[in-house]
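Peer 1: coords below, sequence missing:
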DNA sequence: ATACAACCTCCAGTCACTGGAGGATCAAGA
DNA sequence: TCTTGATCCTCCAGTGACTGGAGGTTGTAT
């Protein structure tokens, strides 16, 4: 039969802490794991993919409700594909905004990081640049 | 004498919530405010600048410990500012990774959205599209 | 004089985890 | 077989960075 993974294996394969996996199960992001006779959680490859997806999504700054809705996309039965497309489009708009914000942030930080020539903090342009940075309206 | 500001004025001038200002005082990011005879906090221009610095730093994604060390640097102008530049560079690297990931997600979702729109029983395998995405060389 | 906005302190809640106590179970070596 | 140490279990408390609210006081405009 297919090889099953203990929670620690799943944790190692996805770079997630064991407690976090149990937390995701608690809040319903991961389905309730099958248990061994002794009560230990037992996983398979699809759990690795789902959890990897969740972790990527979190690293990208999506909230758990947002990830829930992204996951719903692939959980959709085929007949609801139109709805899935709508969800995907809604996220696409959001992602465009996020990318734009991060690019604004990147250029601001680039200026901040490159302007320091070393030396005394009194002349440090990093601090000046942060003091003068306006990111108003970017929603960051 | 110089004009003093109430906490609400400081809040408006810096786009900060009143409770957040009190919180920053609690954790020592802002010095303990002077008080009026009736016990209300009273601020001056330097507090506006310090709080603006804190808020800008937060918008740039610096943690409170990081902001604390940036503030310490500008409070002690004789120290070396290489630390400030290092903090900024670390954030730049992180932002680069996030932008790359979001762009990957964008193209995957575009694929999902367009294939679903085709009307056929599309395969909305969002998890595989994103979970399997490896960003080589990002260290994650 | 009376509203009512703004202030005060203190505390609880949010989100997304993270860590630890206290106890059971498993796998490997002596 | 026994023992040791890693891993697992549940449950609960703590973190970071706020946010909001209760309950009470003060300032100001009419």
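Peer 2: Good, I have the coordinates. What you see is a predicted model; the values in this text were computed from it and never measured.
Peer 1: State the mean pLDDT of the longest helix seen in chain A.
Peer 2: Longest helix of chain A, by residue count under DSSP state H: helix A:81-114. Helix A:81-114 comes out with an average pLDDT of 76.
Peer 1: what helices or strands is that helix leaning on?
Peer 2: On a contact count with 3 or more C-beta pairs under 8 Å, 6 or more residues apart in numbering or on different chains; DSSP states H and E, helix A:81-114 meets helix A:64-75, helix A:125-132, helix B:82-117. (Glycine included, C-beta is placed from N, CA and C.)
Peer 1: okay, those, which one's buried deepest?
Peer 2: Most buried of the helices and strands packed on helix A:81-114 by mean neighbour count (mean count of other C-beta atoms under 10 Å in any protein chain shown) is helix A:125-132; its value is a mean of 20.
Peer 1: Tell me which of the helices and strands packed on helix A:81-114 lies nearest to DNA strand C.
Peer 2: When the helices and strands packed on helix A:81-114 are compared by C-beta to the nearest atom of the strand, helix A:64-75 sits nearest DNA strand C, at 3.5 Å.
Peer 1: quick one: that closest one near chain B?
Peer 2: Yes. Helix A:64-75 reaches chain B (C-beta under 8 Å from any C-beta of the partner chain) through A:70-71, A:73-74.
Peer 1: is it possible to export these to TSV including pLDDT and distance to residue B:95?
Peer 2: Converted to TSV, the residues of helix A:64-75 next to chain B look like this (pLDDT from 0 to 100; distance: C-beta to C-beta, whole Å):
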residue	pLDDT	distance to residue B:95
A:70	81	22
A:71	84	26
A:73	73	26
A:74	70	28
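Peer 1: filter those down to the ones close to DNA strand C.
Peer 2: With C-beta under 7 Å from any atom of the strand as the criterion, no member of these is in contact with DNA strand C.
Peer 1: just curious, which of the residues you listed is nearest to residue B:101?
Peer 2: residue A:70 (13.4 Å; C-beta to C-beta).
Peer 1: what's the spacing between the closest one and residue A:56?
Peer 2: If you measure residue A:70 against residue A:56 using C-beta to C-beta, to the nearest Å, the figure is 10 Å.
Peer 1: And residue A:62, by the same measure?
Peer 2: Counting by C-beta to C-beta, the gap from residue A:62 to residue A:56 is 9 Å.
Peer 1: again, but for residue A:44
Peer 2: Distance, residue A:44 to residue A:56, using C-beta to C-beta: 19 Å.
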